[in-house]
Structures are given as C-alpha cells and as structure tokens.
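In: give me a model of this one.
(chains A and B, ligands or ions: 2)
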Amino acid sequence: MRTVTVVGASLAGLYAARELRAQGFDGRLVIVGEEQHRPYDRPPLSKGFLSGKAGESDLALSDDEETLELGAEWMFGARARGLDARGRTVLLEDGRTVSTDGVVIATGARARRLPGPVLPGVHTLRTLDEARALRADLRRGTQRVVVIGGGFIGAETASSCAAMGHDVTVVEAAPLPLLGQLGPEMAAVCARLHERGGVRLVTGTGVAALEGEQAVTGVRLTDGRLFPADVVVVGIGAIPNTEWLAGSTLAVHDGVLCDDGCVTSLPQVVAVGDVARVGGARAEHWTSATAQPRVAVRNLLAGHTVEHVRPLPYFWSDQYGSRIQFAGRREQDDVPRIVEGSTEEGGFLAVYERDARTTAVLALDRPRPFTRIRRELARAQAPAPVSTPAAAAEPAAV
Amino acid sequence: MIPVCRLEELPEGASVRMDVEPPIAVFHADGELYAIDDTCTHQDASLSEGYLEGCLVECPLHEASFDLRTGRPTCLPARRPVRTHRVTVDDGVIHVHRSDEENAAA
Ligand SMILES: Cc1cc2nc3c(=O)[nH]c(=O)nc-3n(C[C@H](O)[C@H](O)[C@H](O)COP(=O)(O)OP(=O)(O)OC[C@H]3O[C@@H](n4cnc5c(N)ncnc54)[C@H](O)[C@@H]3O)c2cc1C
Ligand code: FES
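Out: Ligands and ions are numbered 1, 2, ... in the order given. Prediction:
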C-alpha cells in the first residue's frame, strides 16, 4: 500500500493516522477534512468550553511536534464528495482528486436540525464553529435559553448555561430524558439533576414550532404551551455523514456498514468512529472512536479482517457539577441495583443485572468503583476469535 | 513540606488527594510512596481516583496511564507528564515536598 487517505480530520481520523504510522505504514498519508480546524476534541464543547473554563487551545488533539512526526499531507477545508466504485479515488468538492490504495472513512456525524430555515438565536452544537456562535450569544447578558432534547449533549448544554446564570428550560419529547440509555429508574434519577441545577425540565411533549420573525422569540410545544426564548439549542441527536459515499459501492444504512473488524465491503476501505456501523452497531462515543482505529488499521494493512474490535461501550457526561459514567451493554429489561451510595445525595454506583449477571454499570461521582466494574465487564467479554480462510482450511489438531 | 497522614493510614494500594493548589495525589503502590499532581494532564479528572497497576496509575476518565516514578504518560490520550513530588516519612508521618517549592529553594 503506497497511499492511504483518511477522510475526516477529527478524533477517529487522527487516531487512524497515528495507528498507520505506529503500525509501520511509511507511505503517503493524506488526511482530508471538511473543517478549517486542526483536529480538536468535541466533548468539552458542551462542558467547559461553553462556560469559558476551557479555551480553544485546550481542545487541540495534537501539537506541532506530533503533526511533524506523522508526516501527513493535511487538506483542511476540503470536503470529499465521492469515492469511486473500486475505492481508489477520493473526489473532492473543489474538483481535485486523490488517488489512493487504502481509505479510512472517519467522517463522523453532524447535529440533526429541526426542519425549516434557521432563525438567528437557534443553535446546534457539534462543531467548534457552532460552539463559538452559541458561546457568543450566551455572552450577551442573561438570556432565556430553551434546550430542545434532554440527551447528554442537551443536558450538558443546559447545565453549562445554568452555571453561567441563564434561565434554562429543557424540553424532552419522551416521558424522561435518557430513557433509552439508562432505563426508567436511573433516567428518573438523572432527570433530578436538572432540578438540582435550577433548570426547568418539561417532558412528554414535542416541539410544534419555533416562534419569531427576525430572530427566535420562543418555543411552541405540541401541548400548546409557549416558552419565551432568546436562545434555543437543538440537541436532538446526530446523523452520520455518509452522503458523500452515495456513488460508491459501499453499503450505507445509518452509517457505513462494516464487519466486526471495521472493514467495509471493499477490503482496502475501513470505517471508524461515529460514522461506522461496526458489526451491526453504531456508537457515538469518544472511546469507540479512539479504540476502533487500531484494529481497523491493522485489518487495512493486512488486506483482510484479522482482528475484531469489541470495546465495551463506555461514555461519560458532566452535568451540574456531577460526573455520570456508564459502561456495558444494557438490555431493556436489565434491572438496576444500587450497590454503593444513594440516589438522594452524594453520588452512587448502580449495576444492571440480567439472570444474576452484571451487564452494565452506572456511576454518579463514583469513579473508583466504577472503573473496577468496568474492567471486570471488559475482561468478561472475551475477544471474539477470527476464523481466517487459512485457519479454517487447516484440519483441527485432535 | 506538607504533612499528609500517618503511614498506617495509607496502606498498600491506597491513595489520597490533598486539597492544595494545585491538588496533589499520594499513592502507596508497589511498596513505595509516590506523589504527583492530582489532575490528569488530558482533561479534568482526579488521578487519586485512578486504577493502580504496579507503579502505573490509570486515569478514571479516558484511561491515560501515568508512571508514578516519572510522571510521564505511558499512553494516549495524555501527552504531557504530571509533576512528581518527593515523599518522606518522618516520625511515622508521610510528608510531600512540593517540587515547585524545592526548586525555588535550590
Ligand atoms: C458537544 C459534544 C459533546 C460530547 N460529549 C461526549 C462525552 O461526554 N462522552 C463521549 O463519550 N462522547 C461525547 N461526544 C461524542 C464524541 O465527541 C464523538 O463520538 C467523536 O467526536 C466521534 O469522532 P469522529 O472522528 O468519529 O467524528 P467527528 O468528531 O464527527 O469528526 C468527523 C470529521 O469529519 C469531517 N467530515 C465530515 N464529512 C466530510 C467529508 N465529506 N469530507 C471531509 N471531511 C468530512 C467533519 O467535518 C468532522 O471534522 C460529544 C460530542 C459532542 C458534539
Ligand atoms: S482526563 Fe485523564 S485521560 Fe482524559
């Protein structure tokens, strides 16, 4: 392989570039990124960056020294708009093409928006540019902020806005925020954090319309209520960036379909991070985006899948001065049990159980015991063996 | 020099966070006492809550690992070392000698 092109210059793309060099690839390395910025970290955008605790320099994922060492050709502000049928040419929006032997797809996801034109004062939060715009609006004195969507990004944004002294309302369509991720008992516990932070939580009702002519003035709910707003943050999920692959032969369905080793239907094309549907599941977690590249690059350089990736799903969230950590694979009927602390105050540790087996762990301000159980869960899920054609052809030694 | 606690209050495998500015974490790991800056150089997490393995401590947030002897990270996402501080036991009491003060005195 003489040239490898990484499309998407963010978390997963940077980790893939590092892995390529670490695993001995010394050919031409091209990194194509739509944003104008060098790779930066997104989680702080809804946390310290909004409130001003973290600056832009704190977001950098790399530095000059490493950039030099990687010896890559970076193309910033360059959007890929196509991949040819054989996966050998990346077409750029401006008409340029990059001929390549291998491709790492790391185009991530973007914030889902509400339909219709975007009024001034209405924000989404996925990129640095979006965060800058929101931060600027929040610096204009005390504002009435309505956050649409009570997921992690919505909750963190609400928490940051409340800490800045704004009047904050969170609107969640489901009966409780984070119901799908945490189940009803623990979702109820986390919902109380909003109250603790002085934030109004309105659940079980959707948004009918955003009001305002020149700029947004309020949020009209489907139950008829109107919440006046100077700033609206739409946090209703993310959409994987796969449109640019429409003309390729790759299978796309809510993400780029890959096997358990991040390899697509073309052996020299792998996908990592938020855009990748690995073995049937797509994660939007920082840890997945940083764990997948090692295996994806190994399989890319090997020319076929020699290793599977199965990181234990893990995410964290900082809200209202507390840190939530979750790890594992929770299924709908798994029952949570508090094993340490209390849900009333001071943090707790809960394990989810199915048939007397721990399937997942949730902690609020309990990092140490959380790590212990997270490690046990990771150890318990033995790495899936890969049956290579060669190994399969060999007679079993009995 | 800052007193931490009595030696027997920090058994093997234990750690304690000192609320000084910046906070310092003291570990009893691998039969030795170590002190490092408590805040992970990656983002905002307390290394005193980290997972000890030999003389390495793993950050509880994103699993960067630091060598307690040198303060150097042994893996990503941390890229910068934490400061290390000298530890002594005087009359059964653990003391931390902050490296900034030691350097200033030298
Ligand atoms: C505000 C916020 C807070 C978060 N907090 C947490 C948290 O607390 N915990 C956690 O686990 N996760 C969190 N996440 C999720 C985490 O940031 C993502 O999982 C991670 O960024 C995924 O990395 P990625 O490289 O796959 O994708 P992305 O970071 O989305 O990067 C994809 C890059 O590809 C570029 N791109 C897209 N299309 C093209 C194209 N056609 N051509 C060229 N370039 C293209 C994009 O511009 C972007 O720069 C948070 C995310 C956000 C937005
Ligand atoms: S905060 Fe320690 S590894 Fe990220």
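In: doesn't A:Val233 make contact with A:Ala155?
Out: No. Contact between A:Ala155 and A:Val233 fails when scored by CB atoms under 8 Å: they sit 11.0 Å apart. Any C-beta I mention is one placed from the backbone N, CA and C, and that applies to glycine too.
In: so for A:Glu353, what's the pLDDT?
Out: Looking at A:Glu353, its pLDDT stands at 96.
In: ignore what I typed, I meant A:Ala393.
Out: In this prediction, A:Ala393 carries a pLDDT score of 40.
In: same check on A:Glu345?
Out: At A:Glu345, the pLDDT value in this model is 84.
In: repeat for A:Pro117
Out: Reported pLDDT for A:Pro117: 89.
In: A helix includes it, no?
Out: No. Assessed with DSSP: H, G, I helix; E, B strand; the rest coil, A:Pro117 is coil; it does not lie in a helix.
In: and A:Thr5, what does it touch?
Out: By CB atoms under 8 Å, 6 or more residues apart in numbering or on different chains, the contact list for A:Thr5 reads A:30-32, A:90, A:98, A:100, A:102-104.
In: show me what it is bridged to.
Out: A:Val30, A:Val103 (DSSP bridges).
In: for residue 76, the count of nearby residues, please.
Out: In the absence of a named chain, chain A is used. Using other CB atoms under 10 Å in any protein chain shown, A:Phe76 has 13 neighbouring residues.
In: wrong one, chain B
Out: Neighbour count for B:Leu76, taken as other CB under 10 Å: 15.
In: what of B:Pro22?
Out: With other CB under 10 Å as criterion, B:Pro22 counts 12.
In: try A:Leu91
Out: 17.
In: what helix or strand is it located in?
Out: strand A:89-92 (DSSP states H and E).
In: so which residues make contact with that strand?
Out: A:5, A:7, A:32, A:75, A:78-84, A:97-100, A:103.
In: just the closest of those to chain B, please.
Out: A:Val7 (21.6 Å; CB to the nearest CB).
In: just to revisit the earlier point, top of the contacts of strand A:89-92 by neighbour count?
Out: Neighbour tally across the contacts of strand A:89-92 (other CB under 10 Å): the maximum, 31 neighbours, falls on A:Val7.
In: pLDDT score assigned to it?
Out: Note for A:Val7: predicted pLDDT of 98.
In: now the one 5 residues further on
Out: According to the prediction, A:Ala12 has pLDDT 98.
In: residue 26 - how many residues pack around it?
Out: Chain wasn't specified; assuming chain A. Residues contacting A:Asp26 under the criterion other CB under 10 Å number 9.
In: should've been chain B
Out: By other CB under 10 Å, neighbour count at B:Val26 equals 24.
In: can you give me the helices for the stretch 151-300 of chain A?
Out: With DSSP state H, counting those that start in this stretch applied, the stretch 151-300 of chain A shows helices at A:152-163, A:179-196, A:286-302, listed in chain order.
In: these: which one's closest to A:Val275?
Out: Closest approach to A:Val275 among the helices of the stretch 151-300 of chain A is made by helix A:286-302 (9.5 Å; CB to CB).
In: buried sites along the closest one?
Out: Going by neighbour count (16 or more other CB atoms under 10 Å in any protein chain shown), the buried part of helix A:286-302 is A:286-301.
In: contacts made by the helix or strand just after the strand holding A:Leu91 with the rest, please.
Out: Toward the C-terminal end, the helix or strand that comes next after strand A:89-92 (DSSP H and E) is strand A:97-99. Contact with strand A:97-99 is made by A:3, A:5, A:30, A:32, A:88-92, as judged by CB under 8 Å, 6+ apart.
In: rerun at 7 Å
Out: For strand A:97-99, the external contacting residues (CB atoms under 7 Å, 6 or more residues apart in numbering or on different chains) are A:3, A:5, A:30, A:32, A:88-91.
In: can that strand be found next to ligand 1?
Out: No. Residues of strand A:97-99 contacting ligand 1 under CB under 6 Å from any ligand atom: none, with a closest distance of 11.2 Å.
In: neighbours around A:Cys368, how many?
Out: Let me fix one detail, which is that residue A:368 is Arg and not Cys. Using other CB under 10 Å, A:Arg368 is surrounded by 16 other residues.
In: ok so it is a strand residue?
Out: No. If the criterion is three-state DSSP, then A:Arg368 is helix and not within a strand.
In: what's near enough to touch the residue of chain B found nearest chain A?
Out: Relative to chain A, the nearest point of chain B is B:Pro60 (3.7 Å; CB to the nearest CB). Contacts were defined as CB under 7 Å, 6+ apart; by that measure B:Pro60 touches A:367-368, A:371, B:45, B:49-51.
In: dump those residues into a markdown table; add pLDDT, distance to A:Gly48 and secondary structure as well.
Out: Formatted as a markdown table, the contacts of B:Pro60 follow (pLDDT from 0 to 100; distance: CB to CB, whole Å; DSSP: H, G, I helix; E, B strand; the rest coil):
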| residue | pLDDT | distance to A:Gly48 | secondary structure |
| --- | --- | --- | --- |
| A:Pro367 | 97 | 18 | helix |
| A:Arg368 | 96 | 23 | helix |
| A:Thr371 | 97 | 22 | helix |
| B:Ala45 | 97 | 13 | coil |
| B:Glu49 | 97 | 19 | helix |
| B:Gly50 | 97 | 20 | coil |
| B:Tyr51 | 96 | 24 | strand |
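In: need the three-state assignment for the residue of chain B closest to chain A.
Out: Using three-state DSSP, the structure places B:Pro60 in coil.
In: specify the beta-bridge partners of the nearest residue to A:Thr358 once chain neighbours are set aside.
Out: Spatial nearest neighbour of A:Thr358, excluding adjacent residues (CB to CB, 6 or more residues apart in numbering or on different chains): A:Val351 at 4.8 Å. Per DSSP bridges, the residues bridged to A:Val351 are A:Arg337, A:Val361.
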